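1. Sequence and predicted structure are below.
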Amino acid sequence: EDQVTQSPEALRLQEGESSSLNCSYTVSGLRGLFWYRQDPGKGPEFLFTLYSAGEEKEKERLKATLTKKESFLHITAPKPEDSATYLCAVQAQGGSEKLVFGKGTKLTVNP
Amino acid sequence: SQTIHQWPATLVQPVGSPLSLECTVEGTSNPNLYWYRQAAGRGLQLLFYSVGIGQISSEVPQNLSASRPQDRQFILSSKKLLLSDSGFYLCAWSDNRREQYFGPGTRLTVT
């Protein structure tokens, strides 16, 4: 069964303090790994798709990387507005539409 | 650009009452459509997905059902709600079977 585990569950940073969020996955053939940002009471906002090991993508202060077993979301010099829950999901090969999500990492950036 | 709407935004219903949640997408044709539920402390769980009008696939057996009466309309229904149906219901769409884009969600509380 496909599984996604995110760590830590919660992370508190000071403004400007860089860190990384982890997403470990088990999937029967990876079709894609997805990162989303979710603010309280809102739907997830798409950030990145990674397709193969070694791939990296960046957007402002965020950088996502992928290996064969895990993905990292690196946050450089975070600001308070980066506070949110970050969700990781995987999609397996084989034609299924299903995204399997982790429980997320709740990030709080203090000014 | 594409937009996705969900209504109502919040709903409080008694146990045993019926349910109808609606999702519509604008700015795209023949999208894949998805219903997810997000319960407290759990990851997003795929409930149903549809690749076309009248085509519905169910991921989780339960007392919920879905219908797609029009190309860009997706409806989630129940004849009799259970307490365990409470949660945050999210509709999503994709046009390439990869990244999915989520709507604003409906917060359902069953009392």
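-> Now that the structure is in, tell me what you want to look at. Since this is a predicted model, take the numbers as computed values, not measurements. Numbering: from 1, shown residues only, chains lettered A, B, ... in the order given.
2. pLDDT at the residue nearest to A:Glu97 when sequence neighbours are not counted, what is it?
-> The shortest distance from A:Glu97 to any non-neighbouring residue, by CB to CB, 6 or more residues apart in numbering or on different chains, is to B:Tyr49 (4.7 Å). Glycine gets a C-beta too; all of them are placed from N, C-alpha and C. At B:Tyr49 the predicted local confidence, pLDDT, stands at 91.
3. Name the SS class of residue 65, please.
-> In the absence of a named chain, this looks at chain A. Recorded secondary structure, A:Thr65: strand (DSSP: H, G, I helix; E, B strand; the rest coil).
4. how deep is it tucked in, by neighbour count?
-> 18 (other CB atoms under 10 Å in any protein chain shown).
5. same check, this time on A:Gly104
-> Counted with other CB under 10 Å, A:Gly104 comes out at 25.
6. now do A:Leu99
-> Per other CB under 10 Å, the neighbour tally for A:Leu99 reads 29.
7. can you pull the contacts of it?
-> A:Leu99 makes contacts with A:34, A:89-91, B:44, B:46, B:100, as judged by CB atoms under 8 Å, 6 or more residues apart in numbering or on different chains.
8. out of these, which are inside strands?
-> The strands, defined by DSSP state E, take in A:34, A:89-91, B:44, B:46 from the contacts of A:Leu99.
9. Between these, which sits nearest A:Pro44?
-> B:Leu44 (7.5 Å; CB to CB).
10. quick one, what contacts B:Ser86?
-> B:39, B:108-110 are the contacts of B:Ser86 under CB under 8 Å, 6+ apart.
11. Same list (those) but as JSON lines, adding neighbour count and distance to chain A.
-> Below are the contacts of B:Ser86 laid out as JSON lines (neighbours: other CB atoms under 10 Å in any protein chain shown; distance: CB to the nearest CB, whole Å):
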{"residue": "B:Ala39", "neighbour count": "13", "distance to chain A": "11"}
{"residue": "B:Leu108", "neighbour count": "21", "distance to chain A": "13"}
{"residue": "B:Thr109", "neighbour count": "12", "distance to chain A": "13"}
{"residue": "B:Val110", "neighbour count": "19", "distance to chain A": "18"}
